[in-house]
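Enquirer: need coordinates for the following:
(chains A and B)
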Amino acid sequence: MKRWLYPTLLLAALIGLWQVLADTGALADVFNIESFLVPSPSEVASALWDNRTLIVENGWVTLKEILLGFGCALVAGLAFAVCLHLSETLRTAFYPLLVGSQAIPILVFAPVLIVLFGYGIGPKLMIVAIICFFPITVNALDGLRSVDADAVKMMRTLDASRWQTFQRVEAPTALPYVFSGAKISIAVAVIGVVFAEWAGSSSGGLGWLVFQYNNNLRSAEVFATAFVLAVMAMALFGLLALAERRVVTWR
Amino acid sequence: MRQDTKMPPDSGANSAVEAPPKSPSHPAGAELSVAGVEHSFGQLRTLERIDLEVDPHTVLGLVGPSGCGKSTLLELVCGLRDPDAGTIAVGAVGDAAGRLARSAFMPQRDLLLPWYSALDNAALALRNHGAGKAAARRQAAALFERFGLAGFEGSAPNELSGGMRQRVAFLRTLLAGKPLLALDEPFAALDAITRAEMQEWLAGALGEDPRTVVLVTHDVEEALYLSDRVAILSARPARIVAELRAPDPRAADRDAAVTDPAFVAVREEAMKALHEGSR
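Expert: Sure, this is the predicted structure:
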């Protein structure tokens, strides 16, 4: 009970405080800006309601980009991780590059991809997929590598085929790692998609919408759209965490 | 499930199996013969001229100081490794794949898979052999009562006690249906009381369902109680310093058996050989 009550109360208090500070103009005074640039929570809520059609339409575009990009990355990343796990040559060649690539802020290549692939949904999908690919691959591979060598020996003396060992020992061992990678991926996917939509969009999306509102100084709408993006990110992460709890029951 | 392993090696009756070269020192009757086996890990010599023979349905105990290469010897026997020199034959078949097909290995740690229930862990070999889930479960469940595991079929491994986990692991090994069982310190992780209970239990289980067993342990008493013969290994590189016959293998009353003067005398002899071999 307290687990939920206290954070909820805290959140409500913060929103209340923000409402008061925005209404009295105290926040605008502190930042030394016009008060219409600092919307109160109630203004954000009504902006959300008034623009609901636009936000839902663009939200759907963004969600599609995230899910398709993430889905591609999941399939490709898992397949690549399994290949690297099975071939030592491939692994020694690729693994250092994979780990090193984690340090590259891949987002900086977004404009390059836009230039190369145009302004449709394609480059956005690709950016999301590329961003998601690396954490999924590296985590899945680490999971497969963490398999207990004695368990594999045991499976061999119990007449397991290579596939049976993979299916009954290696894949379940790797599963929690795959979920960790997927959760990291989905969180960065939301950042990636917003950036990709900023970098070049004629196909819409919440990132593009935030950009439009921002250019028109409609700060209540900027807040409302950002709020929807935040909720979307949390919901996707929460769904993955829920799936993990349902699937990985032995931890 | 066992193939006829008593066939003389040169009779040609085994022609279905690719006949590996056999050393003349492998008698036809033995389930396991180890002849002149040497092994090293790079520069580190682990085994030196090991000769062993185990008759069908008998238990051979292997006792030696920690790190002497007992587990390596067991992996060689099971076909998980190949020796640098010498020959190993399980049921007169000498190549690693053939040994692997004829022996089941029970590792030191129980290695129960946490994503499977006790029943599914026990049935693992049956599933590997292609049995459906339901059929494999039925076959494994039939043995749960006898193994003192009734009512725990659906339990997760972490809900079982150490002794129960070890029994599930043994059942898993048994259900592989192999003629040779290789047990690597199966009770080392258990407390003294549970270990004694498990030894008595294993003695009973082997009485009901006799198998050829190689039992690796560092516990002389355990080896002499459970085995027909005990080979004492020296410190690395391991060689056999003594082979002793156990006075009353797998006696029903363990406590009486291990305090019997004949048992105590053999144990003293084994301890002496172990000490001399560790120097």
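Enquirer: measure B:Glu269 to chain A for me?
Expert: 33 Å (C-beta to the nearest C-beta, to the nearest Å). Heads up, the C-betas are built off the backbone N, CA and C, glycines and all.
Enquirer: that residue - how many residues pack around it?
Expert: 16 (other C-beta atoms under 10 Å in any protein chain shown).
Enquirer: please tell me I have it right and it contacts B:Leu244.
Expert: Yes - B:Glu269 is within contact range of B:Leu244, at 6.2 Å (criterion: C-beta atoms under 8 Å).
Enquirer: in three-state terms, label the closest residue to A:Arg145 other than its chain neighbours for me.
Expert: Spatial nearest neighbour of A:Arg145, excluding adjacent residues (C-beta to C-beta, 6 or more residues apart in numbering or on different chains): A:His85 at 7.0 Å. With DSSP: H, G, I helix; E, B strand; the rest coil as the basis, A:His85 sits in helix.
Enquirer: so A:His85 versus B:Phe41, what's the distance?
Expert: Distance of A:His85 to B:Phe41, computed by C-beta to C-beta, to the nearest Å: 25 Å.
Enquirer: the two: who's more crowded?
Expert: Set A:His85 next to B:Phe41 and count neighbours by other C-beta under 10 Å: A:His85 wins out with 19 against 10.
Enquirer: so the more buried one makes contact with A:Asp142?
Expert: No - if you go by C-beta under 8 Å, A:His85 and A:Asp142 don't touch, sitting 10.0 Å apart.
Enquirer: pLDDT weak spots in the chain?
Expert: If you meant another chain, say so; for now it's chain A. A:1, A:201-202 (pLDDT under 70).
Enquirer: correction: the question concerned chain B.
Expert: For chain B, the ranges with pLDDT under 70 are B:1-28.
Enquirer: repeat that with 50
Expert: Residues of chain B that meet the criterion pLDDT under 50 lie in B:1-27.
Enquirer: near chain A, which residues of it?
Expert: B:75, B:78-80, B:100-101, B:103-105, B:107-109, B:111, B:113-116, B:124-125, B:127-129, B:156, B:158, B:172, B:176, B:178, B:182 (C-beta under 8 Å from any C-beta of the partner chain).
Enquirer: now list the buried members of those residues.
Expert: By neighbour count, with 16 or more other C-beta atoms under 10 Å in any protein chain shown, the residues of chain B next to chain A hold B:75, B:78-80, B:100-101, B:103-105, B:107-109, B:111, B:113, B:115-116, B:124-125, B:127-128, B:156, B:172, B:176, B:178, B:182 as buried.
Enquirer: which residues does B:Arg195 contact?
Expert: Shown in contact with B:Arg195 (C-beta atoms under 8 Å, 6 or more residues apart in numbering or on different chains): B:187, B:219, B:222.
Enquirer: let's see which of the residues you listed end up in helices.
Expert: B:Glu222 (DSSP state H).
Enquirer: how about the helices in the chain?
Expert: Just so you know, I chose chain A. Under DSSP H, chain A gives helices at A:2-23, A:26-31, A:41-50, A:52-86, A:88-101, A:110-117, A:121-145, A:149-157, A:162-165, A:171-199, A:206-215, A:219-247.
Enquirer: nope, chain B
Expert: Using DSSP H, helices in chain B cover B:70-77, B:96-102, B:118-122, B:124-128, B:133-144, B:162-174, B:192-208, B:220-226, B:254-259, B:261-278.
Enquirer: could those go into CSV alongside distance to A:Phe134?
Expert: As requested, these are exported to CSV (distance: least, C-beta to C-beta, whole Å):
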stretch, distance to A:Phe134
helix B:70-77, 38
helix B:96-102, 38
helix B:118-122, 35
helix B:124-128, 35
helix B:133-144, 37
helix B:162-174, 38
helix B:192-208, 47
helix B:220-226, 51
helix B:254-259, 58
helix B:261-278, 52
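Enquirer: before we move on, the earlier item: now do the contacts for the residue nearest to A:Arg145.
Expert: Counting by C-beta under 8 Å, 6+ apart, A:His85 touches A:91, A:141, A:144-145, A:170.
Enquirer: again, only this time at 10 Å
Expert: Neighbour list for A:His85: A:91, A:140-141, A:143-145, A:147, A:166, A:170, A:174 [criterion: C-beta atoms under 10 Å, 6 or more residues apart in numbering or on different chains].
Enquirer: can you list the residues of the stretch 101-250 of chain A near chain B?
Expert: A:148, A:150-161, A:164-165, A:167-169, A:171-173, A:175, A:247-250 (C-beta under 10 Å from any C-beta of the partner chain).
Enquirer: can you do 6 Å?
Expert: Residues of the stretch 101-250 of chain A lying close to chain B by C-beta under 6 Å from any C-beta of the partner chain are A:150-151, A:153-154, A:157-160, A:164, A:172, A:250.
Enquirer: Provide a list of residues in contact with B:Leu181.
Expert: By C-beta atoms under 6 Å, 6 or more residues apart in numbering or on different chains, the contact list for B:Leu181 reads B:104, B:173, B:211, B:213.
Enquirer: of those residues, which is the nearest to chain A?
Expert: Among the contacts of B:Leu181, B:Ala104 lies closest to chain A (C-beta to the nearest C-beta), at 5.3 Å.
Enquirer: OK, contacts around that closest one?
Expert: A:157, B:173, B:176, B:178, B:181.
Enquirer: save those residues as CSV, and put in distance to A:Ser203 too.
Expert: Shown next, in CSV, are the contacts of B:Ala104 (distance: C-beta to C-beta, whole Å):
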residue, distance to A:Ser203
A:Thr157, 56
B:Thr173, 60
B:Ala176, 58
B:Lys178, 62
B:Leu181, 65
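Enquirer: now, which of those residues sits nearest A:Ala233?
Expert: Within the contacts of B:Ala104, the smallest distance to A:Ala233 is 47.1 Å, found for A:Thr157 (C-beta to C-beta).
Enquirer: how many neighbouring residues does the closest one have?
Expert: A count of nearby residues for A:Thr157, using other C-beta under 10 Å, gives 25.
Enquirer: same check, this time on B:Lys133
Expert: B:Lys133 has 11 nearby residues by other C-beta under 10 Å.
Enquirer: and if you look at A:Ala76?
Expert: Close neighbours of A:Ala76, defined as other C-beta under 10 Å, add up to 16.
Enquirer: with adjacent residues omitted, what lies nearest to it?
Expert: Of all residues not flanking A:Ala76 in the chain, A:Phe133 sits nearest, at 6.1 Å (C-beta to C-beta, 6+ apart).
Enquirer: again with A:Glu221
Expert: Excluding its sequence neighbours, the residue lying closest to A:Glu221 (C-beta to C-beta, 6+ apart) is A:Tyr213, at 4.2 Å.
Enquirer: how near is B:Leu76 to chain A?
Expert: When B:Leu76 is compared with chain A (using C-beta to the nearest C-beta), they lie 12 Å apart.
Enquirer: just to check, that residue is in contact with B:Pro83?
Expert: Yes - look at B:Leu76 against B:Pro83 with C-beta atoms under 6 Å: they come within range, at 5.4 Å.
Enquirer: pick out whichever of those two has more residues nearby.
Expert: B:Leu76 (25 against 21).
Enquirer: list the contacts of that one.
Expert: B:83, B:88.
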